[in-house]
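Student: Okay, sequence plus prediction incoming.
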Amino acid sequence: MYLDFEKLETILKEHKPAPESLISILEDVQDQFRFLPHEALVLIGSRIGVPASQVYSVATFYNAFSLVPKGRHLVSVCLGTACHVRGASEILAYLRKQMRADSSGTTEDLEFTIEDVRCLGCCSIAPVVKVDDEVYGHTTPQKALKVLEEYRKKV
């Protein structure tokens, strides 16, 4: 994947070139590119005086950061107890298969990343699928797929 160094430079200029800026910079890079490219991590470390190994340590410690490209829309399928007993695993498998997601859960066109989460706190409407910030309850594999198809049409 191509890294836009101009956009990266803009992000770096917005932050103090110091180790305490690392997490803020990583957040901005993740927001801009939807993942943390290797080249960006190396450059960030050199700019703020932090070894690349430490930058990678922080980038891999937090779940909010990803070293692989993520889709434009984050699809979270709840696999908490209430959702699990109501077929959430089948929803997850169906969505990944129908959307042709790779092993990381991301579709080839980078429109969606389909992931499982432990609990979304919506047990009364299980099974639950969340797309970005929208929660969909009482879902079935077919209903969930229809929701994603609607998001794809919005492009």
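Tutor: Received, thanks.
Student: Surely Cys119 and His84 touch.
Tutor: No. Cys119 lies out of contact with His84 (C-beta atoms under 8 Å); the separation is 9.9 Å. (Glycine included, C-beta is placed from N, CA and C.)
Student: what's the closest non-adjacent residue to Glu14?
Tutor: Nearest residue to Glu14, sequence neighbours excluded (C-beta to C-beta, 6 or more residues apart in numbering): Asp28, at 7.1 Å.
Student: Now do the contacts for the one you found.
Tutor: Ile11, Glu14, His15 (C-beta atoms under 8 Å, 6 or more residues apart in numbering).
Student: which residues sit in contact with the residue nearest the centre of the chain?
Tutor: For the chain, the residue nearest the mean C-alpha position is Lys70 (5.0 Å; C-alpha atoms, centre = their mean). Lys70 sits next to Arg34, Phe35, Thr106, Leu110, Thr113 when contact means C-beta under 8 Å, 6+ apart.
Student: so it, which of the three states?
Tutor: Counting by DSSP: H, G, I helix; E, B strand; the rest coil, the backbone at Lys70 sits in coil.
Student: how close does it sit to Lys143?
Tutor: Per C-beta to C-beta, to the nearest Å, Lys70 is found 24 Å from Lys143.
Student: want to throw the contacts of Lys70 into CSV with neighbour count and distance to Leu148?
Tutor: Converted to CSV, the contacts of Lys70 look like this (neighbours: other C-beta atoms under 10 Å; distance: C-beta to C-beta, whole Å):
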residue, neighbour count, distance to Leu148
Arg34, 18, 17
Phe35, 20, 20
Thr106, 24, 13
Leu110, 15, 14
Thr113, 24, 11
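Student: domains of the chain?
Tutor: Domain ranges of the chain: 5-61, 73-153, per automatic domain parsing.
Student: With respect to burial, which of those domains scores highest?
Tutor: Across the domains of the chain, averaging neighbours per residue (mean count of other C-beta atoms under 10 Å) puts domain 73-153 on top, at a mean of 17.
Student: Of the contacts of Lys70, which is the nearest to Ile48?
Tutor: For the contacts of Lys70, the closest approach to Ile48 (C-beta to C-beta) belongs to Phe35, at 19.5 Å.
Student: Need phi/psi at that closest one.
Tutor: phi -170, psi 180 (degrees, to the nearest 10).
Student: Quick check: pLDDT value at it.
Tutor: On the pLDDT scale, Phe35 is placed at 94.
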